[in-house]
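Trainee: Sequence and computational prediction follow.
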Amino acid sequence: MHMTLKKLISLAGCAMFSLTCISAIADTPLDEQRVADRSDVKGFIQEMVDKHQFDAKKLTTLFEDVVLKQKIVDAISRPAEGKPWFKYRPIFVTKTRIKEGVVFWNENEAILKAAEEKYGVPPEIIVAIIGVETRYGRHKGGYRVMDSLSTLAFAYPKRAKFFRSELEQYLLLTREEKLNPMEIKGSYAGAMGKSQFISSSYRHYAVDFDGDGKRDLWNNNADAIGSVANYFKRHKWQTGKAVAAPAIVGSNHIQVLVKKGYKPHSTVAELRERGVTAKIKVDLKAMGALVELKIPAGREYWLALNNFYVITRYNHSPLYAMAVHQLGQAILKKREKAASARM
């Protein structure tokens with residue numbers, strides 16, 4: 001079928017208009033874009049209506065108040081985990097954070113003990129997680145979670161699929177917990193509360209540990225502590241087992257093991273046969289991996305065991321897991337030293 005010249009010109013004009021609109025949106029700074037006008041946002045809203053029976057008008061009104069922020073994209077593009085270990089460690093394992101960790105432990109001793117009894121996770125790990133994440137609840141984040149998740153879902157293509165899913169989880173969470181989605185603040189990545197749970201983790205692992213009828217990770221230490229412990233138990237924390245051990249390497253082919261990653265893949269005995277020897281006593285039957293960390297003088301090596309890997313389920317970085325481990329051990333040591341001095 002042939003088209004008239006008039007129709008062809010009309011279609012070309014429409015195409016040029018669409019391209020101009022797309023270009024205009026792309027060229028508009030994030031902070032100035034009207035989110036509710038975006039086709040991808042409209043599609044997301046329709047998905048929430050179809051899958052979860054949200055009200056389309058209410059969601060559209062909600063997104064009209066959302067602001068995409070360039071500084072959120074900038075922040076996630078330069079995470080602390082991109083630093084070498086010798087620069088990453090001093091951020092989290094500090095004298096102040098250790099001292100504050102002892103105070104937090106003492107103030108919440110009964111709750112931490114109850115969490116350990118129920119979930120099998122030692123207090124020093126729970127305290128260290130909350131210490132690394134929010135300085136024991138003092139720095140829970142200043143971004144509106146709706147802005148953070150929307151920015152990363154619709155203006156950060158590298159991880160748009162993941163954050164679109166988290167935005168879906170967030171809206172479900174706020175509906176279930178009867179929270180105003182525009183009032184909640186968190187990190188640039190949308191993590192919330194003293195324990196910095198992302199939306200999916202909040203829905204699946206947060207617990208009402210004090211039995212007051214609600215899960216409050218912002219203001220309730222019992223819920224924050226219990227939720228961290230539950231998270232680790234659900235990710236197969238091994239009660240009473242070690243996290244990691246410093247190691248000596250004596251093989252020219254050690255990089256083969258390093259490149260296997262930090263998920264345990266061989267027994268400690270097998271790793272020793274390949275030139276990796278723990279500096280402390282470790283169960284030879286335990287599963288482990290070899291982690292290499294950059295220090296000013298070169299490299300240091302650690303045997304990363306199952307519980308080390310469990311910590312990386314909280315943040316998928318061996319640097320993060322090592323910081324939590326070392327901060328926890330430092331807090332435990334300082335607290336025990338203080339107790340001995342009082343005797």
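Mentor: That came through fine.
Trainee: where do the strands sit along the stretch 51-200 of the chain?
Mentor: Assigned by DSSP state E, counting those that start in this stretch, the stretch 51-200 of the chain shows strands spanning 143-144, 185-186.
Trainee: Now render those strands as JSON lines, adding distance to Lys263, mean neighbour count and mean pLDDT.
Mentor: In this view, the C-beta of every residue, glycine as well, is placed from N, C-alpha and C. Output for the strands of the stretch 51-200 of the chain, formatted as JSON lines (distance: least, CB to CB, whole Å; neighbours: other CB atoms under 10 Å; pLDDT from 0 to 100):
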{"stretch": "strand 143-144", "distance to Lys263": "31", "mean neighbour count": "20", "mean pLDDT": "97"}
{"stretch": "strand 185-186", "distance to Lys263": "28", "mean neighbour count": "20", "mean pLDDT": "97"}
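Trainee: Turn these into a markdown table, including distance to Glu336.
Mentor: A markdown table is the format used below for the strands of the stretch 51-200 of the chain (distance: least, CB to CB, whole Å):
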| stretch | distance to Glu336 |
| --- | --- |
| strand 143-144 | 38 |
| strand 185-186 | 34 |
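Trainee: can you tell which of those is closest to Gly137?
Mentor: Smallest distance to Gly137 across the strands of the stretch 51-200 of the chain (CB to CB): 13.0 Å, for strand 185-186.
Trainee: That closest one - which strands sit beside it in the sheet, and in what orientation?
Mentor: Using DSSP bridges, the strands paired with strand 185-186 are strand 143-144 (antiparallel).
Trainee: Now find how far off-centre the longest helix seen in the chain is within its chain.
Mentor: Taking DSSP state H as the criterion, the chain has its longest helix at helix 318-342. With CA atoms, centre = their mean, to the nearest Å as the basis, helix 318-342 stands 22 Å off its chain's centre.
Trainee: How about residues contacting it?
Mentor: When contacts are defined by CB atoms under 8 Å, 6 or more residues apart in numbering, helix 318-342 is touched by residues 81, 83, 85, 88-89, 91-93, 97-99, 101-102, 105-106, 122-125, 127-129, 131-132, 243-244, 262, 291, 293, 302, 304, 308-309, 311-312, 314-315.
Trainee: How about it, which residues are buried there?
Mentor: For helix 318-342, a neighbour-count test (16 or more other CB atoms under 10 Å) marks 318-332, 334-335 as buried.
Trainee: Does anything pack onto the helix or strand harbouring Glu47? Which helices or strands?
Mentor: Using DSSP states H and E, Glu47 sits within helix 39-52. Identification of packing neighbours for helix 39-52 by 3 or more CB pairs under 8 Å, 6 or more residues apart in numbering; DSSP states H and E yields helix 56-63, helix 145-154, helix 160-176.
Trainee: and if we set it to 7 Å?
Mentor: Packing partners of helix 39-52 (3 or more CB pairs under 7 Å, 6 or more residues apart in numbering; DSSP states H and E): helix 56-63, helix 160-176.
Trainee: Now that helix: buried residues?
Mentor: By 16+ other CB under 10 Å, the buried positions in helix 39-52 come out as 41-42, 44-45, 48.
Trainee: For that helix, what does the pLDDT average out to?
Mentor: The pLDDT scores in helix 39-52 average 97.
Trainee: Would you point out the helix or strand in this structure whose mean pLDDT is lowest?
Mentor: Ranking every helix and strand in the chain by mean pLDDT, DSSP states H and E puts helix 5-27 at the bottom, with a mean of 42.
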